[in-house]
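Participant: Provided below are the primary sequence and the corresponding predicted coordinates.
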Amino acid sequence: MRRILLAAIALVSLCAPSSAASQSGLGVRTLDGSGNNLLRSDLGRAGMPYLRVAAPNYAEGRGSMVGGPSPRYVSNRIFNDVGQNLFSENDVSQWGWAWGQFLDHDLGLRDERPAENVSIPFDKADRLEQFRNDLGVIDFARTPAAPDTGVDSPRQQLNTVSSYIDASNVYGVDKTRLEWLRTGPLDGSMADNRADLLLTRDGYLPRAGARGNVAEAPKMDLFGGQVGRPAEAVVAGDVRANENIALTAIHTLFAREHNRIVAALPRSLPAETKFQIARRVVGAEIQYITYKQFLPALGVRLDPYRSYDPTVNPGLSNEFAVVGYRAHSMIHGEFDVTVKAGTFPQEVLNGFRGAGITVKAAGGNVKLTVPLDLAFGNPALLHTIGVGAILKSLASEREYKNDEQIDNSLRSVLFQVPKPGVANPAACGSPVVNPDCFRGVQDLGAIDIQRGRDHGMPSYNELRRAYGLPPKRSFTAITGEATGRLPLGISIDDPHSLDFVRLRDADGNIVPLGSNNAREDAVVGIRRTTLAARLKAIYGSVDKLDAFVGMLAERHVPGTEFGRLQLAIWKKQFEALRDGDRFFYVDDPALATIKQQYGIDYRRTIAGLIRADTGASVQADAFKAPLESTTATAAPASVAAVAHCTSDRKSHGLLSPTSGRS
């Protein structure tokens, strides 16, 4: 008993939530990141401007956006995948994009308050336009200028969260949000709160009305039908946790993991000590998974870690947040969830079908195909299917290739559901998005281009120079293709310019066009026109190329998911996040103390966390898709939950455009 009490006292001194303790060097990780660097307490803190690697690129040098081809025009000719799936050449599973998004929400969030409106033009007469847009434009609002910038100095933007990998997406960056998330009373006294995070009785994130007054719940971004029903949104450490069911599932996983750690600690420890131990371990787990699984799976190789360096600024760069870390091409247009037959009663399966989910029997299993539009802003659907089944599904198949092609679910119908009167919602998103089902356009790829211009991103070649790479002198030098000329008789405005003429799998074998294998096995796609030719027809000169477009057009470095520029951006940022963090898991003495005293080890894999916190089983390396899918399992769901989900599906409306949250 005496040993336990002494360990508790030591850990309280390491973990006590005191800014004074932080300044005295006792080893405290604050919520907002302040005080991590003892020489400059503001480094990495929430509310700081993004750093810049390159000089800002504004039309008049201070804040006006540069011009260029219309982002939707570019999107229709470059990002348009015409429904052809191309998969990761390195067999990276969907955990690649899912973890990437979860991690993104730990690192950065621009100021979401809308500033100047600069809508993206929509040309309904464009010969390559397949979609109807009753709004007439694609809405876009600029990010507000950071205080005292944009007039006498170049416009900057704020990162509203801590840039450290510190689990701020689980716990938040302010005391008010964290107090709401903890299970104790909301009386302003954190010391009186219990050690657990608030979850429902069956282990899901709490709804905004969990404490009675929705208006007093922490702010959450709302998607789809949630705009009219804010009480149905779940609450987590980051405001974006409702965006899609995969993201919500990962948030749920780590809230459960926190509570699992708390339960494993001696009951004699004070609640505050147990809470801070669990928070410390969860933060280290996220770092460990990022550096030991996520980055290696994508082929990102960093320089060897030596030790904490207080001269390194761990702040997030604008170039990383706005260009380099936007990998929306990886995201699937649907979720394929396989469960054992009998997992769900027939009325639940009927409810799935009515909501727009395809349900197919396959031997002793049932396969659910969930369109991405249904997965947005729908935590009720996660509750119905089960968190274990969703997390397992992410490990079961490859993510899309990180290239210039973006699924139409993101490129045209972001956050939408089929319009009223559609007889069969399930036919709207599978196997490809049906434009006749929708009446608005939200184009994430076009928004990514516009956001780059909004934040003053340099041109493609200038960004290469900023990262120590030589400029490219031709479009074929970027793409690695043989020609930058359009074929005779084919123009940039010809819909047939995007036709696929040949597909190959990862081994170089021909995949027949239009076959079932073309939907599942294609890694390389050859079109009637080269990417270089289309880029040249749109931009004319390489020096006018938007950085985001040029980055995605680069030929990949063998063994990675990236071209040279994106790889350089990731390498620089993740080394800074590691080297400039005084609490990086390799050097954190509290973690060794926790393991010695309580046997709790932060070195957990995604597969291990899924098994421990959901009971589902996945392959050891969840970031690498297996050669053959394995039988999935999921906990039974309630009929009441699917009835709620079906109601969500019917009442979802067109969300006011989010302008691409980051």
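Facilitator: In hand now; what should we look at?
Participant: quick one: residue 65 and residue 455 touch, right?
Facilitator: No - if you go by C-beta atoms under 8 Å, residue 65 and residue 455 don't touch, sitting 9.2 Å apart. (C-beta placed from N, C-alpha, C; glycine too.)
Participant: of the two, who's got more company?
Facilitator: Per other C-beta atoms under 10 Å, whichever of residue 65 and residue 455 has more neighbours is residue 455, with 25 against 18.
Participant: Next, the more buried one: phi, psi?
Facilitator: Dihedral angles phi and psi of residue 455 (degrees, to the nearest 10) take the values phi -90, psi 10.
Participant: Report the separation between it and residue 326.
Facilitator: From residue 455 across to residue 326, the span is 12 Å (C-beta to C-beta, to the nearest Å).
Participant: Same check on residue 98?
Facilitator: Counting by C-beta to C-beta, the gap from residue 98 to residue 326 is 15 Å.
Participant: Then residue 575?
Facilitator: Counting by C-beta to C-beta, the gap from residue 575 to residue 326 is 20 Å.
Participant: what about those two, which has more around it?
Facilitator: Comparing residue 575 with residue 326 by other C-beta under 10 Å, the one with more neighbours is residue 326, at 23 against 17.
Participant: Confirm that the more buried one sits in a strand.
Facilitator: No - read with DSSP: H, G, I helix; E, B strand; the rest coil, residue 326 is coil and lies in no strand.
Participant: element containing residue 390, please.
Facilitator: Element membership for residue 390, per DSSP states H and E: helix 387-396.
Participant: Quick one: the strands in the stretch 351-500 of the chain, in order.
Facilitator: 358-362, 365-371, 500-504 (DSSP state E, counting those that start in this stretch).
Participant: so where is the protein shaky, pLDDT-wise?
Facilitator: Low-confidence regions of the chain, defined by pLDDT under 70, span residues 1-26, 185-193, 413-440, 628-662.
Participant: And the strands in it?
Facilitator: Along the chain, counting by DSSP state E, strands occupy 48-49, 120-121, 137-138, 158-159, 334-340, 358-362, 365-371, 500-504, 524-527.
Participant: Switch these over to CSV; also include mean neighbour count.
Facilitator: CSV is the format used below for these (neighbours: other C-beta atoms under 10 Å):
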stretch, mean neighbour count
strand 48-49, 19
strand 120-121, 18
strand 137-138, 20
strand 158-159, 23
strand 334-340, 20
strand 358-362, 13
strand 365-371, 21
strand 500-504, 16
strand 524-527, 17
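Participant: Out of those strands, flag the one nearest residue 626.
Facilitator: Proximity to residue 626, assessed across these by C-beta to C-beta, is greatest for strand 334-340 (12.4 Å).
Participant: ok, residues contacting stretch 482-491?
Facilitator: With C-beta atoms under 8 Å, 6 or more residues apart in numbering as the test, stretch 482-491 has contacts from 474-476, 492, 496-497, 528-530, 532-537.
Participant: for stretch 61-76, same thing?
Facilitator: Against stretch 61-76 from outside (C-beta under 8 Å, 6+ apart): 57-59, 118, 120-123, 126, 128-129, 138, 142, 145, 149-155, 406, 411, 441, 443, 445-447, 449-450, 453-454, 456, 538-539, 544, 546, 549.
Participant: at 7 Å what do you get?
Facilitator: Here stretch 61-76 makes contact (C-beta atoms under 7 Å, 6 or more residues apart in numbering) with 57-59, 118, 120-123, 126, 128-129, 138, 145, 150-151, 154-155, 411, 443, 445-446, 449-450, 453-454, 538-539, 544, 546, 549.
Participant: In contact with the residue most central in space within the chain, which residues?
Facilitator: Closest to where the C-alpha atoms of the chain average out (C-alpha atoms, centre = their mean) is residue 101, at 1.6 Å. By C-beta under 7 Å, 6+ apart, the contact list for residue 101 reads residue 247.
Participant: what do you get if the cut-off is 8 Å, keeping everything else the same?
Facilitator: Neighbouring residues of residue 101 by C-beta under 8 Å, 6+ apart: 243, 246, 247.
Participant: Check residue 209 too.
Facilitator: The contact partners of residue 209, by C-beta under 8 Å, 6+ apart, come to 217, 231.
Participant: repeat that with 7 Å
Facilitator: Counting by C-beta under 7 Å, 6+ apart, residue 209 makes contact with residue 231.
Participant: Residue 584 too?
Facilitator: By C-beta under 7 Å, 6+ apart, the contact set of residue 584 is 287, 308, 578.
Participant: same question, residue 617
Facilitator: Residue 617 makes contacts with residue 611, as judged by C-beta under 7 Å, 6+ apart.
Participant: if I look at it, how far off is residue 332?
Facilitator: Taking C-beta to C-beta as the measure, residue 617 falls 22 Å from residue 332.
Participant: Residue 447 too?
Facilitator: To residue 332, residue 447 is 19 Å away according to C-beta to C-beta.
Participant: In terms of packing, which of those two has more residues around it?
Facilitator: Shown here are residue 447 and residue 332; by other C-beta under 10 Å, residue 447 has more neighbours (29 against 24).
Participant: Isn't that one up against residue 141?
Facilitator: No - applying C-beta atoms under 7 Å, one finds residue 447 not in contact with residue 141, separated by 10.4 Å.
Participant: quick one: the helices in the stretch 51-200 of the chain?
Facilitator: Remark: helices assigned in the stretch 51-200 of the chain by DSSP state H, counting those that start in this stretch are 71-74, 95-107, 168-171, 175-181.
Participant: Identify whichever of those helices lies nearest to residue 621.
Facilitator: Residue 621 lies closest to helix 95-107 among the helices of the stretch 51-200 of the chain, at 9.3 Å (C-beta to C-beta).
Participant: Pull out the buried positions in the closest one.
Facilitator: Residues 95-107 are the ones in helix 95-107 that count as buried (16 or more other C-beta atoms under 10 Å).
Participant: Same question for stretch 532-540.
Facilitator: Buried positions in stretch 532-540, judged by neighbour count with 16+ other C-beta under 10 Å: 532, 533, 534, 535, 536, 537, 538, 539.
Participant: Looking at those residues, which are in helices?
Facilitator: Within the buried residues of stretch 532-540, residues falling in helices by DSSP state H are 532, 533, 534, 535, 536, 537, 538, 539.
Participant: Dump stretch 27-34 to CSV, keeping only the CA atoms.
Facilitator: Provided in CSV are the C-alpha atoms of stretch 27-34 (Å, rounded to 0.1, in the frame of the first residue of the first chain):
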residue,chain,number,x,y,z
GLY,A,27,6.6,17.6,-16.6
VAL,A,28,3.1,18.7,-17.3
ARG,A,29,1.3,18.5,-20.7
THR,A,30,-1.2,21.3,-20.7
LEU,A,31,-4.5,21.1,-22.6
ASP,A,32,-3.7,23.9,-25.1
GLY,A,33,0.0,23.0,-25.6
SER,A,34,1.4,26.0,-23.7
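Participant: Skipping adjacent residues, who's closest to residue 364 in space?
Facilitator: Of all residues not flanking residue 364 in the chain, residue 341 sits nearest, at 5.3 Å (C-beta to C-beta, 6 or more residues apart in numbering).
Participant: The one you found reaches residue 362, doesn't it?
Facilitator: No - taking contact to mean C-beta under 7 Å, the distance of 8.8 Å between residue 341 and residue 362 leaves them out of contact.
Participant: ok, back up a step: could you export the helices of the stretch 51-200 of the chain as CSV, including distance to residue 83?
Facilitator: Shown next, in CSV, are the helices of the stretch 51-200 of the chain (distance: least, C-beta to C-beta, whole Å):
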stretch, distance to residue 83
helix 71-74, 18
helix 95-107, 19
helix 168-171, 33
helix 175-181, 41
